[in-house]
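Participant: pasting the sequence and the predicted model now:
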Amino acid sequence: MLWLRLCALLALASLAAWTVDSGLIDWQPRRWPEAWRWWTAALVHFTPLHLGANLLAAALVAAYGWAARVPGVVALAWLLSWPFTQLALLAKPELLHYGGLSGVLHGGVAAVTLWLVLRGHGAQRTVGWLMLAGQSVKLLVEEPWGAAVHAPGELDVAVAPLAHASGSIAGALCTALALTLRRQPVRPGDH
């Protein structure tokens, strides 16, 4: 399943990026023309706890997509949404450095959720709507329009709420576009 391969790639690439100087690949608004940063910023983690939390979250996103049996078109849409997570951070130029999987993972959750809402049936659709409501509330509580970062007590790094919102929006929009452009109707379980 392409979804699981993509999640594994994210996790392995994050582990590999741990050995690289983060300043070479993290998101920096003044260096946005360096297009590789649109992708590599998701792989940067600033502390072991930051990396560990995002690897655990990647496993949960992998399980969510696997349980939903998302087709390859949803996985590809999620892949294409990744750079938009970082590009939206241009709206917060005071955020001088950004790294981490959380924005991209929020996009993955949004992609699976939209898949379930639009193409699921019965209980799948109900799960999709509940996840949509939950993710929407979470994003509103984080106030992405507010401060560029906030420091939750449970993490040893600051969180950029705009990355969570932009990842969610990008994941949902790219998935909606991919499903609209797909010619054959797809149901959960089709690959």
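Facilitator: Thanks, I have it.
Participant: in the protein, where is pLDDT below threshold?
Facilitator: 183-191 (pLDDT under 70).
Participant: contacting residues around stretch 23-39?
Facilitator: 17, 40-41, 43-44, 82-83, 86-87, 89-90, 92-93, 95-99 (C-beta atoms under 8 Å, 6 or more residues apart in numbering). (Each C-beta comes from the backbone N, C-alpha and C, glycine too.)
Participant: please pick the buried ones from these.
Facilitator: Buried subset of these (neighbour count, 16 or more other C-beta atoms under 10 Å): 17, 40-41, 43-44, 82-83, 86-87, 89, 92, 95, 98-99.
Participant: any chance of those in CSV, with distance to L140 and secondary structure too?
Facilitator: Listed next are these as CSV, based on distance: C-beta to C-beta, whole Å; DSSP: H, G, I helix; E, B strand; the rest coil:
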residue, distance to L140, secondary structure
A17, 31, helix
T40, 29, helix
A41, 24, helix
L43, 28, helix
V44, 27, coil
W82, 23, helix
P83, 24, helix
Q86, 22, helix
L87, 22, helix
L89, 19, helix
K92, 17, coil
L95, 20, coil
Y98, 21, strand
G99, 24, coil
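Participant: where do the helices of this structure begin and end?
Facilitator: All helices of the chain, identified by DSSP state H, fall at 2-17, 36-40, 48-68, 72-87, 102-119, 123-142, 161-181.
Participant: show me which positions of the shortest one end up buried.
Facilitator: Think helix 36-40. Neighbour-count burial for helix 36-40 flags 37-40 (criterion: 16+ other C-beta under 10 Å).
Participant: distance between the ends of stretch 28-41?
Facilitator: Start-to-end span of stretch 28-41 (C-alpha to C-alpha, to the nearest Å) is 9 Å.
Participant: now find how far off-centre that stretch is within its chain.
Facilitator: Distance of stretch 28-41 from its chain centroid, counting by C-alpha atoms, centre = their mean, to the nearest Å, is 16 Å.
Participant: same question for stretch 159-177.
Facilitator: Mean-position distance between stretch 159-177 and its chain equals 7 Å (C-alpha atoms, centre = their mean).
Participant: CA atoms only: put that stretch into PDB for me.
Facilitator: Extracted in PDB, the C-alpha atoms of stretch 159-177 (Å, rounded to 0.1, in the frame of the first residue of the first chain):
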ATOM      1  CA  VAL A 159       4.900  24.500  18.100                       C
ATOM      2  CA  ALA A 160       3.900  26.600  15.000                       C
ATOM      3  CA  PRO A 161       0.100  26.400  14.800                       C
ATOM      4  CA  LEU A 162       0.000  27.800  11.300                       C
ATOM      5  CA  ALA A 163       1.900  24.700  10.100                       C
ATOM      6  CA  HIS A 164      -0.800  22.500  11.500                       C
ATOM      7  CA  ALA A 165      -3.500  24.500   9.800                       C
ATOM      8  CA  SER A 166      -1.700  24.900   6.500                       C
ATOM      9  CA  GLY A 167      -0.800  21.200   6.400                       C
ATOM     10  CA  SER A 168      -4.400  20.300   7.000                       C
ATOM     11  CA  ILE A 169      -5.800  22.700   4.400                       C
ATOM     12  CA  ALA A 170      -3.200  21.600   1.800                       C
ATOM     13  CA  GLY A 171      -3.800  17.900   2.400                       C
ATOM     14  CA  ALA A 172      -7.600  18.400   2.100                       C
ATOM     15  CA  LEU A 173      -7.400  20.600  -1.000                       C
ATOM     16  CA  CYS A 174      -4.900  18.300  -2.900                       C
ATOM     17  CA  THR A 175      -7.000  15.300  -2.000                       C
ATOM     18  CA  ALA A 176     -10.200  16.900  -3.100                       C
ATOM     19  CA  LEU A 177      -8.500  17.900  -6.400                       C
END
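Participant: thanks again, I'm all set now.
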